[in-house]
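**Q** Need a 3D model of the following:
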Amino acid sequence: MIVKSEALSSRGRRTRAALVQAGREAFEERGYEAVRVDDVCARAGVSHGTFYTYFGSREDLFREVAAAVVGEMFTASVVGPTVPDDPYARIEAANLLYLRAWAANSRLVRMLEQAATGDESFRGLLLELREVFVRRGAEGLRRLQEQGLADPSLDPRLTAVMLGGMVEHFAHVWLDLGERTDERTAVAMLSTLWARAIGLTPASTKGAGS
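**A** Predicted structure coming up:
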């Protein structure tokens, strides 16, 4: 019987966390298909039977790892209060943080995408996890539209999906496939494209704040 997280003792929570960490390391090093439950158990220092106390299968463990990774990426890319309250500066900061979060986690995100092509449950997880980024982008655009700083004719959700896809694909091409450019240039060009796409440019932003 699998013990639910909320019913775990403090020791059980530590064991479960150790399995998740061991699974993450194994998936990153060896790839999803090459990892076996025994590999994870050996890394975590637990028995084969103990694994099934917390997870029903390798797939269940991978879902947990993937959810944790995307949650970390979302948190790492949140633009904090230290960034000036200027729309372009915040777009630029968000792109910088996202690229750095991608650099730290790209292998596992790509693994989830590959798993999603052949498994409907993984596809649903991928869409669910991406939704948090889309929702944040759509809410940000909606606020700019209400302030008269962005094109009011744009659909906030579709725009967030399309522009978010641009940033995500560039991150893959740059960091995974080796496109040559430096971080500063990459962030500047992505931010310029994003700002112009929604009807906001650095010049108009500065004018709006003066």
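**Q** Tell me how far residue 175 lies from residue 26.
**A** 22 Å (Cβ to Cβ, to the nearest Å). Where C-beta positions appear, they are placed from N, C-alpha and C, glycine not excepted.
**Q** Also residue 13?
**A** With Cβ to Cβ as the criterion, residue 13 and residue 26 are 20 Å apart.
**Q** These two: which has the busier surroundings?
**A** residue 26 (24 against 12; other Cβ atoms under 10 Å).
**Q** Secondary structure element for the more buried one, which one?
**A** In this structure, residue 26 is located in helix 10-30 according to DSSP states H and E.
**Q** mind checking how far residue 72 is from residue 104?
**A** Distance from residue 72 to residue 104, by Cβ to Cβ: 8 Å.
**Q** now do residue 159
**A** 27 Å.
**Q** ok, the two, which is more surrounded?
**A** residue 159 (21 against 13).
**Q** quick one, what contacts that one?
**A** Shown in contact with residue 159 (Cβ atoms under 8 Å, 6 or more residues apart in numbering): 137, 138, 141, 197, 198.
**Q** now for the residues you listed, which pair is the farthest apart?
**A** Greatest spatial distance in these: 138 and 197, 13.8 Å, computed using Cβ to Cβ.
**Q** Show me the contact partners of the strand or helix carrying residue 64.
**A** In the assignment (DSSP H and E), residue 64 maps to helix 58-76. Residues outside helix 58-76 that contact it (Cβ under 8 Å, 6+ apart) are 19-20, 23-24, 27, 32, 35-37, 40, 51, 55, 97-98, 100-102, 104-105, 108-109, 111-112, 115, 119, 121-122, 125, 129-130, 132-133, 136.
**Q** Check which residues of it are buried.
**A** 58, 60, 61, 62, 63, 64, 65, 66, 68, 69, 70, 73 (16 or more other Cβ atoms under 10 Å).
**Q** Over to stretch 132-149?
**A** 133, 134, 136, 137, 138, 140, 141, 142, 144, 145, 149.
**Q** Please apply the same query to stretch 104-112.
**A** Those would be 105, 106, 108, 109, 111, 112, for stretch 104-112 by 16+ other Cβ under 10 Å.
**Q** Check the gap between the second one and residue 192 for me.
**A** Counting by Cβ to Cβ, the separation of residue 106 from residue 192 is 23 Å.
**Q** picking up where we left off before, out of the buried residues of helix 58-76, flag the one nearest to residue 44.
**A** Closest to residue 44, out of all of the buried residues of helix 58-76 and judged by Cβ to Cβ, is residue 61, at 10.4 Å.
**Q** Figure out the helix or strand that residue 178 lives in.
**A** Short version, using DSSP H and E: residue 178 is in no helix or strand.
**Q** What score does it have for pLDDT?
**A** pLDDT recorded at residue 178 is 92.
**Q** Now for it, how many residues are close by?
**A** There are 7 residues near residue 178, going by other Cβ under 10 Å.
**Q** how close does it sit to residue 89?
**A** Residue 178 is 29 Å from residue 89, by Cβ to Cβ.
**Q** May I see the buried residues of the helix or strand where residue 192 lies?
**A** Applying DSSP H and E as the criterion places residue 192 in helix 183-197. Of the residues in helix 183-197, 186, 187, 188, 190, 191, 194, 195, 197 count as buried by neighbour count, 16+ other Cβ under 10 Å.
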